[in-house]
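Asker: What would the 3D arrangement of this be:
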Amino acid sequence: MLKTRNYKFLFTPEKKKQFSKHFRFFKQLTQQTKYYYSTFTTVKDALIYGENKLSNLKFKNLSHYDAEGDVRQLLLYLLKRNRKNFNKRHSYLLLDRKLELTEKECNEFKEMIERRSKYEPIEYITNEINFYGRNFYVNSNVLIPRNDSEILVETSITSLLPLLKDKKEITILEIGVGSGCLLLSTFLEFEKRGKIVRAIGLDKSKEAIQICKENTSILLDKNQQERITLVHHDIFNDSFDYNINNGIDILISNPPYLSQYEYDNEIDLDVKNFEPSTALIGGEDGLLFYKYILNENTLKNKYKINSNPSFILLEIGHKQLNDIIGIISNNNNPKENSLLSLTTGASSSTAVTVVDVVKDLNGINRVLVCKVQ
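Answerer: Residues are numbered from 1 along each chain as shown. All right, here's what the predicted structure looks like:
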């Protein structure tokens with residue numbers, strides 16, 4: 001039989017008194033530590049302060065949240081903005097931990113960390129995002145460009161430029177231009193390769209159009225800016241009355257493609273609480289914009305996608321490929337979908353063919369390449 005030891009001797013009145021004394025000491029030490037790191041003056045202490053503040057953030061779609069990475073990014077941005085020639089001596093990984101911060105820098109850093117602690121995206125705090133090697137201005141009026149969207153620009157270069165090699169001038173239309181990251185990146189990459197590009201960007205948001213104009217003025221020279229047209233435009237309700245001599249060669253779009261359920265239940269707080277819902281939700285099933293854009297009446301009669309041939313590049317959600325191919329199939333064979341034909345005026349004279357499906361770095365279907373003729 002096992003004998004039970006008596007541990008009561010460990011908690012005699014004298015022992016309890018000693019334990020209480022030690023507990024108060026450690027509690028006081030913890031409070032002093034928190035106070036110390038809230039009154040930091042060096043990069044080292046600022047990093048510790050920031051990590052302590054952000055370490056409890058939780059994200060549904062991240063297996064591991066890198067609080068240190070966010071803190072370093074914010075601090076580096078602050079120092080680059082405030083100090084001349086800072087880039088020559090410091091980088092994201094090689095911050096001088098002994099560097100003294102000014103009182104103003106400490107207060108600004110605290111404010112930035114406080115905003116991030118409430119899940120505000122870093123890109124809105126710094127008002128910048130690097131996309132395809134260029135810095136774009138962003139704020140909460142536009143969706144934050146994702147790295148996966150760079151696949152669309154890369155696809156336009158590798159897949160479409162060879163097919164348009166005989167055309168000196170190329171016209172690109174983007175539906176939902178937002179910050180302009182897709183349209184302006186594609187524009188600049190095509191021009192870098194000898195093409196003369198004319199581009200039209202449409203967006204329902206006046207604020208988004210203004211932000212795109214700002215990025216256009218920063219990234220393009222005067223001559224290039226004259227070949228960019230930005231239009232406040234609701235694709236479902238507004239007509240498109242712009243004279244395009246030779247039609248549109250490429251239509252690109254990263255439309256809202258979250259279903260209402262996905263928006264309500266699956267996205268993280270930094271997206272749901274800060275990014276514009278109109279740039280995220282694509283109707284009840286997430287397919288509203290694809291159904292409209294891929295309709296023949298929209299392509300041929302409204303947006304003049306009637307070059308021979310023209311191409312469409314669409315970013316798609318990870319579960320949407322089969323549904324979108326189904327939409328294309330129905331539109332190419334309107335007799336099989338008489339209701340769609342009656343409501344849109346679709347006919348079979350313009351065919352949309354899927355040329356390629358490009359995966360992102362995670363192996364997820366990301367960009368749909370279509371040919372229109």
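
Asker: Every contact and neighbour count from this point should use C-alpha atoms.
Answerer: Will do.

Asker: Past the worst-scoring helix or strand of the chain on mean pLDDT, which element shows up next along the chain?
Answerer: Sorting the helices and strands of the chain by mean pLDDT, DSSP states H and E puts helix 338-344 at the bottom, at a mean of 36. For helix 338-344, the succeeding helix or strand toward the C-terminus, using DSSP states H and E, is strand 352-359.

Asker: That next one pairs with which strands, and in what direction?
Answerer: Strands that pair with strand 352-359, judged by DSSP bridges, come out as strand 365-372 (antiparallel).

Asker: residues in contact with the strand it pairs with?
Answerer: Under the criterion CA atoms under 8 Å, 6 or more residues apart in numbering, residues 148, 151-152, 305-306, 308-318, 321, 350-360 lie in contact with strand 365-372.

Asker: Could you rerun that using 6 Å?
Answerer: Contacts to strand 365-372, defined as CA atoms under 6 Å, 6 or more residues apart in numbering, come from residues 309-316, 318, 351-360.

Asker: Next: stretch 111-126.
Answerer: Residues from elsewhere that reach stretch 111-126 (CA under 6 Å, 6+ apart): 54, 129, 139, 270.

Asker: residues in contact with the second one?
Answerer: Contacts were defined as CA under 6 Å, 6+ apart; by that measure Ile129 touches 123, 135-136.

Asker: what about burial for the contacts of strand 365-372, which qualify?
Answerer: Neighbour counting by 16 or more other CA atoms under 10 Å classes 310-316, 351-354, 357-358, 360 among these as buried.

Asker: Measure how buried Asn147 is and give me the count.
Answerer: Using other CA atoms under 10 Å, Asn147 is surrounded by 12 other residues.

Asker: Across the sheet, point out what pairs with the residue nearest to it when sequence neighbours are not counted.
Answerer: Nearest residue to Asn147 in three dimensions, chain neighbours excluded: Phe131, at 7.2 Å (CA to CA, 6 or more residues apart in numbering). Counting by DSSP bridges, Phe131 forms beta bridges with Arg134.

Asker: so how many other residues sit close to Phe131?
Answerer: Other residues lying near Phe131 total 16 when counted by other CA under 10 Å.

Asker: Make sure Leu57 is indeed in a helix.
Answerer: No: using DSSP: H, G, I helix; E, B strand; the rest coil, the assignment for Leu57 is coil, not a helix.
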